[in-house]
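In: Provided below are the primary sequence and the corresponding predicted coordinates.
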Amino acid sequence: MKSTAARNASLHSAARASYRDRVRKSVGTSPGSLIQREDTPKPVIQVLAYGPDAYTEETQVAPDKLLRYTQEWPVTWIQVSGLGDPEVIKKIGALFHLHDLSLEDVVEGLQRPKIDVHDQYIFLIGWHAEFRERMEAHQFSIFLGSNFVITFQSQPGPLGAAVRQRIKSAQGVIRTRGTDYLVYSLLDMLADSYFPVLEWYGDRLEEIENDILQRPQDNHLVDIRHIKRDLLRFRRLAWPLRDVINTILRDDLPTFQPGTRLYLRDCYDHITQVMDLIETCRELASGLMDVYMSSVSNSMNQVMKVLTIFSTIFIPLSFVAGLYGMNFNPLESSWNMPELNWRFGYPYALFLMACIAASLLLFYWRKGWLGGRRKKTHSPAPPI
Amino acid sequence: MKSTAARNASLHSAARASYRDRVRKSVGTSPGSLIQREDTPKPVIQVLAYGPDAYTEETQVAPDKLLRYTQEWPVTWIQVSGLGDPEVIKKIGALFHLHDLSLEDVVEGLQRPKIDVHDQYIFLIGWHAEFRERMEAHQFSIFLGSNFVITFQSQPGPLGAAVRQRIKSAQGVIRTRGTDYLVYSLLDMLADSYFPVLEWYGDRLEEIENDILQRPQDNHLVDIRHIKRDLLRFRRLAWPLRDVINTILRDDLPTFQPGTRLYLRDCYDHITQVMDLIETCRELASGLMDVYMSSVSNSMNQVMKVLTIFSTIFIPLSFVAGLYGMNFNPLESSWNMPELNWRFGYPYALFLMACIAASLLLFYWRKGWLGGRRKKTHSPAPPI
Amino acid sequence: MKSTAARNASLHSAARASYRDRVRKSVGTSPGSLIQREDTPKPVIQVLAYGPDAYTEETQVAPDKLLRYTQEWPVTWIQVSGLGDPEVIKKIGALFHLHDLSLEDVVEGLQRPKIDVHDQYIFLIGWHAEFRERMEAHQFSIFLGSNFVITFQSQPGPLGAAVRQRIKSAQGVIRTRGTDYLVYSLLDMLADSYFPVLEWYGDRLEEIENDILQRPQDNHLVDIRHIKRDLLRFRRLAWPLRDVINTILRDDLPTFQPGTRLYLRDCYDHITQVMDLIETCRELASGLMDVYMSSVSNSMNQVMKVLTIFSTIFIPLSFVAGLYGMNFNPLESSWNMPELNWRFGYPYALFLMACIAASLLLFYWRKGWLGGRRKKTHSPAPPI
Amino acid sequence: MKSTAARNASLHSAARASYRDRVRKSVGTSPGSLIQREDTPKPVIQVLAYGPDAYTEETQVAPDKLLRYTQEWPVTWIQVSGLGDPEVIKKIGALFHLHDLSLEDVVEGLQRPKIDVHDQYIFLIGWHAEFRERMEAHQFSIFLGSNFVITFQSQPGPLGAAVRQRIKSAQGVIRTRGTDYLVYSLLDMLADSYFPVLEWYGDRLEEIENDILQRPQDNHLVDIRHIKRDLLRFRRLAWPLRDVINTILRDDLPTFQPGTRLYLRDCYDHITQVMDLIETCRELASGLMDVYMSSVSNSMNQVMKVLTIFSTIFIPLSFVAGLYGMNFNPLESSWNMPELNWRFGYPYALFLMACIAASLLLFYWRKGWLGGRRKKTHSPAPPI
Amino acid sequence: MKSTAARNASLHSAARASYRDRVRKSVGTSPGSLIQREDTPKPVIQVLAYGPDAYTEETQVAPDKLLRYTQEWPVTWIQVSGLGDPEVIKKIGALFHLHDLSLEDVVEGLQRPKIDVHDQYIFLIGWHAEFRERMEAHQFSIFLGSNFVITFQSQPGPLGAAVRQRIKSAQGVIRTRGTDYLVYSLLDMLADSYFPVLEWYGDRLEEIENDILQRPQDNHLVDIRHIKRDLLRFRRLAWPLRDVINTILRDDLPTFQPGTRLYLRDCYDHITQVMDLIETCRELASGLMDVYMSSVSNSMNQVMKVLTIFSTIFIPLSFVAGLYGMNFNPLESSWNMPELNWRFGYPYALFLMACIAASLLLFYWRKGWLGGRRKKTHSPAPPI
């Protein structure tokens, strides 16, 4: 168990070290200054510009060439993967007049989902969750301008392959809509990324439940705690995203056209479903604590029963043996231990012991302590 | 217990497999595209059109003929049972100008109860619960237009036989009212479908309580957890339905006439009653955890008492036996174990043992550990 | 304990059978149809009509004669006791133009407290609690018109004797005020009926606490659960009544004159007091669970201590006895068990045993396990 | 423990008897009628009238002379101590046109803090807490008119000596302000009276914690329950007082001048501080339950360890002794128990036993069960 | 453990003594009077005045000279460290027309974070947390005027070195902005001061978890309680600070320019992050209780298993030994204990015992009680 805990601790420490590093760097600096992060690669810029009839795609674009796309195409999606070079981020910020504080949030990568409405653009932050080697969640930042969308992510390899594919193959209505629909598609992609992760948690909780019922152990408790903590954090990533979409729907931001609103409401439903799943998982995890505690109690009950059955059977037998081990002098006026001289004294003593043991076993069997009279109850099937 | 858990798990897995299947299919597809579901039969369309004075009913209608009814009758109720053919659903959607996103929600069948107000129709989702072989809940989707109501359900055999009968026999006011009253009747039918299911849960909890008080077992705990989880999900199906009706009442939707509002308020009261029942059941289920834990403790207490009574009675007796089993040499200057040579030494030893055992038994009887002095208390009768 | 549980179960089942019966009858019927109830007597109508200077009272009035009173007197209070004949209820409804849905709520008798404002009358529902043979709560329905008040109750014997007396003796301002003041008086009567019932629960909880501290038993747990469930239901009857009064105060219903509002605010304070008492009782009941669990633990502690003290004292003694029961051959080169041949060998062994027992007893006495060093602490007196 | 519980019960019963008495008397009477209370002395009226330059004070004033003060002085503070004579209260009410319902609330003395705005005066209720022989809380009622303040209290000896002193010595701004500032001073006095009481509870909880850690007992549990219940009630007295002040600040009551508002906001902060302290105490009390439960568990652990160590050490020793107590016949072909005839057989057996005992002790010492390897951890100092 | 508790208690008492002292002094005094505090040094005044192009700094300024700065410089930051001399505070208050109640709050040092908007200035209170020898939190009061900012702190050594440095080195935009930006910088400094403290708590909780899993002890419980209490207090210091900033953002205070609002929103996000961390820590601390309880149970389980294994193995062995220690007379018609005369009787008995012991050990090994078949489960890595 130690090694598992140790391994966890080290993974956890690594993640936290990076986190603390960023907090420490940003605390005390002048607001709006960008820190240099080591845990994310150099930025790679990929552009996908499209209109109703055509599209163009280029990878590894230099920042200087970006403005050209926005002048030529109705919608330009600039996707920056990796935040390891503050200079590049600053240059992009300067080209599109992005505020220093927004850029700081992008690079730091520690913001809750939020929406900031600026004069020239809307700044949205969401989180993408996925399952590579282990569970990972990364901030995904979106700048939504009149004819451009800029996204920033810390992982290499641009996200949103399905959206990209849909644009290129002109599937659905995406090519005929503006930047607002693209942002909706990206937010929906974020929401969709939560389902497999939650599925993993659900399966894991079921596994742990089975394990506990077979044999409760300390590390189950640690596992449950970790899952509860993770779900708490997960909720913190998903819940404000709902608020973000709600803000868009409620505040009537002119950037979002009425036709897109309908889709955003659909996305809102998806996140509500995610919230429901998280709450169900949390409920299950809390319930597992009770199962654990009860299993521990049951296991102690078993131990006690074994002890009690053994002790109470052998203690009277030993007493009988001790009785006939007494050294009273078999004087002639034979009140003293006549049994010792009986012809069948020894068989009689053995028979006596066998009777005692048998009657006690019968007693425990009747009480159901010997495990033979377990009553089956039918568990209800899940209704929904 | 294993087999019960295993059976549950498999039923549960089957339900979940279908759920996941649908989630996976819909994640990543372009919004508004309909998935092909295998767990529901091909759609069967049934039409019931009526006015104040007459009605007509037809089953297995082809989609093309549907518009004719809406042109001829004041109210047309089109009931689609089974969602297994996306093409049919699309065709109906095209005839009545239903939005692709709404149709996607219908087919996917994973939405919480909600109301979406579109320009030409109102889209409502509720859930119907019932008890066939096992508990089942299915999405029931309603499109409410000016003179038509279209309902979709995944199960074969159209729901709402009582409503249908009331229309045909012109019972109550239903024939004289418009589509809004029909929608009220359907919502009320959904609310009414929850009562027998909740009754089943209430009975089941009582059964489990009795079982636990007789003999607590691991599977009781699992049962309680399942019921709690089911009730949590149940609440999620019923609670938003209340919001839906509240939205209708509060937002003054012109489709709903003032006369119908009164009935909707009645339906609102019914759902509130359902919510109360769910909360009571949840409270009962939570309380059962305490009963279980306490029963386990009590059972351990019993085991300990048996062990303690046996041990403490026989240990002194064995000691006495051991005492007179010592081999001290009965030299003439007879300080050494004179009892062994007494004429009544053995009866004296037996009598000594009997006294010790009797006084200990008396002591335990006084303490009430022998089970003979249980005090009866009167439990209060349920006041309400 | 079984018999208590069985008795409870049967009482409970009777109450629930009636409840289910009514739910079943009303589910599936057309809205607004009145069910035939068997658990309440035939209606008896009693009229009390009054003005500032005079009053008239008549019992067992036929429905037909009711309208005459409302034409002659400023205020007419029609009190219907018993709901066993739907025809009579319908006739009264027809005379005063009461809506079918309201009448259905009256007869069914399962509504939470609520207020429905109709054009010609206001419909209020509250619950009356009392303590006959056992705790009982019944729905009390009030129709408030411009110059009449109609009340319905399922029990025989009209409620509100104190209000009736106040009217007849012209005590206070009641004779000079209108129907709104009469309704206030009736609502206040309902609120007042909760105090003795809550007092009973408070006393019962105290009794159970004392019992548990003396000796915890399974049925205490069941009792606490029942009380918690009852209080939960009680809260459900009282809480919405507060909302009802709040609605009257907030919505400025013209039926209620400013002078009466002041009194209603007083009534509101009373119900708030009831809510406080219910919450205190619930807190007490929840706390009793902890007391119970801790008492069970303590009781097990006692059992363990007895076992431990007995075992640890006699086990070394038995060992000593066993030691000198060994059969080593006392050869001449006397390393082998010389004690057996000592002159005072036996007294020495007994003395050794006494020393061991005494030192162990001292050890346990020091640890406080012998019950002699219990430390008294002063419990604080209740401050408020 | 019984006696403590009994004493508590009796004190508690006394307080509750008075409470019930008043509830019973007021239930069923016509609204606005004053009950005759036995637990409070006859009213004593004390007047303090003042202006910016002078003041006059008189004790034991007859009700008739009160109006003279209000005509002559800018501010008149009439302080009534004792509510034992309804006639005097009524007379004062008649002089200043106070509503019957307000007077009923004053005399009954069971109201939560509240503010009622009447046309001619504002009626405020707060509670004063103090620590005489035991904790006591009494209702303090304030009538605020344009140029008079009337306060009612049930205890003898007028409260607010500090405020009185400040008026007489013209300390601060109190003499130059109107009645609203006087009411602020009185409300602030009520808030200040809660601090010493809460301090007492904090100290008491710390005491109990120390006691429990030394030795948990049933009565600790009872104490904690009483404190939790008291704090719950305390919160009920303090919380609405905050609402009262909030109402004054929010509703812009013209009686309160802008200059006084600033002071009321300060008073609001004080009550918020009181609420914080109450919540901290409640948190501490809840935490004590866990400490108690864990101490009980630990104590059982100790008992079990003692039993286990004793048993497991002596049981093998006894076995060895029993082994060499067997009576196998040492025939010549000496497979049978040759040890008995060894020269050092007995020392060898003793040495064997000593080895067994020593190795078991070492084992337990390693496991830390002998109490010698307790690891100290540093508890964090309180940061705030 | 006692010594740790005692040390804590004394530290805690010291902090509380100062707290109580201040509460006592301020209770009962006339509002707006300044108490004399002993636990804070005499005030030292430090001035930093700056404009876009230049700055001046002076330490140990006499109060009289302060006004000169505000006349000459666009922004003057007056920083008062130490509150030990009410006269100096009063003099500053008089110079800048600060209200007596505000000054009282400053000196008392017991206020929750709040914002009071006066005509001529805005008064803000926040708390600064830090980690010197032990955790410490002190009130930090800010007066924001049109061209001056006055800060008060009780510790010696002015806070905000980073802000001061940024002003002097003209880093970022701070020199070009007004007093509102300076106040933002100070509030952000307060928020930043919470991160290291929370980090400490997080580390501490992890330490305790590891300790508990190795060996649960009473003092862990006390530690967890203290941390929970501290976090509760911490939350109370941080939560209202968020409200303060929210008030500024929402109420459109003209003092704060639109450009600064953006920065304040950033600061708001930081405090939200602090709140999240606090909640996570609280969740972790609550979870530790479960870990503790379960560890205690597990530890008792271990004890019971050792006892059971030892007892059940040796009890049958002792019985066999006792059996052959019986003294039945081996008469010629040899039914009586023939084994004693067998040639291999003794080896046979030893072999019998060995068989019994071996089969029991096998039984326990199969049950997994011997600790050899522990099943490893993989704990999930933290995803976020």
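Out: Looks like it arrived, so ask away.
In: shaky segments in the stretch 251-384 of chain A?
Out: Along the stretch 251-384 of chain A, the model assigns pLDDT under 70 to residues A:330-334, A:371-384.
In: can you do 50?
Out: Residue ranges of the stretch 251-384 of chain A with pLDDT under 50: A:372-384.
In: State the phi and psi torsions of the residue of it found nearest chain D.
Out: Here the stretch 251-384 of chain A gets closest to chain D at one residue, residue A:325, 7.1 Å apart by C-beta to the nearest C-beta. (Each C-beta comes from the backbone N, C-alpha and C, glycine too.) Per-residue torsions, residue A:325: phi -100, psi 0 (degrees, to the nearest 10).
In: Double-check it against residue B:321; I have them as touching.
Out: Yes - the pair residue A:325 / residue B:321 is scored as a contact, 6.8 Å apart, by C-beta atoms under 8 Å.
In: if we can go back for a sec, report the contact partners of the residue of the stretch 251-384 of chain A closest to chain D.
Out: Applying C-beta atoms under 8 Å, 6 or more residues apart in numbering or on different chains, we find residue A:325 in contact with B:321, B:322, B:325, C:325, D:325, E:322, E:325, E:326, E:327.
In: neighbours around the last one, how many?
Out: Spelled out, that is residue E:327. 19 (other C-beta atoms under 10 Å in any protein chain shown).
In: name the element it belongs to?
Out: Counting by DSSP states H and E, no helix or strand carries residue E:327.
In: pretty sure it contacts residue A:339?
Out: No - between residue E:327 and residue A:339 there is no contact under C-beta under 8 Å: 9.8 Å.
In: overlap in contacts of the two?
Out: By C-beta under 8 Å, 6+ apart, the residues touching both residue E:327 and residue A:339 are residue A:324.
In: tell me the domain ranges of chain A?
Out: For chain A, automatic domain parsing gives the domain ranges A:31-292, A:297-330+A:338-367.
In: Distance from the shortest one to the middle of the chain?
Out: Which is domain A:297-330+A:338-367. Its chain's average C-alpha position is 55 Å from that of domain A:297-330+A:338-367, according to C-alpha atoms, centre = their mean, to the nearest Å.
In: which residues does the nearest residue to residue A:59 once chain neighbours are set aside form a beta bridge with?
Out: Leaving out its chain neighbours, the residue that sits closest to residue A:59 by C-beta to C-beta, 6 or more residues apart in numbering or on different chains is residue A:46, at 4.7 Å. Note on residue A:46: beta-bridge partners by DSSP bridges are residue A:59, residue A:79.
In: Doesn't residue A:152 lie inside a strand?
Out: Yes - Residue A:152: assigned to a strand according to DSSP: H, G, I helix; E, B strand; the rest coil.
In: Can you tell me how far residue A:246 is from residue E:245?
Out: Separation of residue A:246 from residue E:245 (C-beta to C-beta, to the nearest Å): 22 Å.
In: higher neighbour count, those two?
Out: Per other C-beta under 10 Å, whichever of residue A:246 and residue E:245 has more neighbours is residue E:245, with 26 against 16.
In: What are the buried residues along whichever strand or helix holds that one?
Out: Element membership for residue E:245 (DSSP H and E) is helix E:218-251. Using 16 or more other C-beta atoms under 10 Å in any protein chain shown as the burial criterion, the residues of helix E:218-251 that qualify are E:218-238, E:240-242, E:244-246, E:248.
In: Rebuild the domains of chain A as CSV, extending it with distance to residue E:200.
Out: Output for those, formatted as CSV (distance: least, C-beta to C-beta, whole Å):
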stretch, distance to residue E:200
domain A:31-292, 18
domain A:297-330+A:338-367, 36
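In: Tell me which of those sits nearest to residue B:65.
Out: Comparing the domains of chain A against residue B:65 with C-beta to C-beta, the closest turns out to be domain A:31-292 (30.0 Å).
In: how much distance is there from the closest one to the middle of the chain?
Out: The answer for domain A:31-292 is 17 Å, by C-alpha atoms, centre = their mean.
In: Straight-line length of that domain, end to end?
Out: For domain A:31-292, the first-to-last residue distance is 48 Å (C-alpha to C-alpha, to the nearest Å).
In: Quick check: residue A:323 vs residue D:323, distance?
Out: 19 Å.
In: Okay, and the beta partners of the closest residue to chain E within the stretch 101-250 of chain A?
Out: Residue of the stretch 101-250 of chain A nearest chain E, by C-beta to the nearest C-beta: residue A:135 (2.9 Å). Beta-bridge pairing of residue A:135 under DSSP bridges involves residue A:131.
In: Chain neighbours aside, what residue packs nearest to residue A:99?
Out: residue A:118 (6.2 Å).
In: how deep is the one you found tucked in, by neighbour count?
Out: By other C-beta under 10 Å, neighbour count at residue A:118 equals 15.
In: surely it meets residue A:96?
Out: No - using C-beta under 8 Å as the test, residue A:118 is too far from residue A:96 to be in contact (10.9 Å).
In: quick one: which helix or strand includes residue A:19?
Out: helix A:2-26.
In: Quick one: mean pLDDT over that helix.
Out: Averaged across helix A:2-26, pLDDT comes to 60.
In: quick one, what contacts the residue lying closest to residue A:160 once chain neighbours are set aside?
Out: In space, and not counting its chain neighbours, residue A:160 is closest to residue A:189: 5.4 Å by C-beta to C-beta, 6+ apart. Residue A:189 makes contact with A:128, A:159, A:160, A:162, A:163, according to C-beta under 8 Å, 6+ apart.
In: Within range of chain D, give me the residues from the stretch 251-384 of chain A.
Out: Residues of the stretch 251-384 of chain A lying close to chain D (C-beta under 8 Å from any C-beta of the partner chain) are residue A:325.
In: which residue does the stretch 251-384 of chain A bring closest to chain E?
Out: For the stretch 251-384 of chain A, C-beta to the nearest C-beta, closest residue to chain E: residue A:321, 3.4 Å.
In: so that residue sits right up against residue E:316, yeah?
Out: No - the criterion here is C-beta under 8 Å, and residue A:321 misses it with residue E:316 at 11.5 Å.
In: So which of the two has more stuff around it?
Out: Shown here are residue A:321 and residue E:316; by other C-beta under 10 Å, residue A:321 has more neighbours (26 against 22).
In: Mind checking what helix or strand follows whichever strand or helix holds the more buried one in sequence?
Out: Using DSSP H and E, residue A:321 falls within helix A:258-323. With elements assigned by DSSP H and E, the helix or strand that comes after helix A:258-323 is helix A:345-367.
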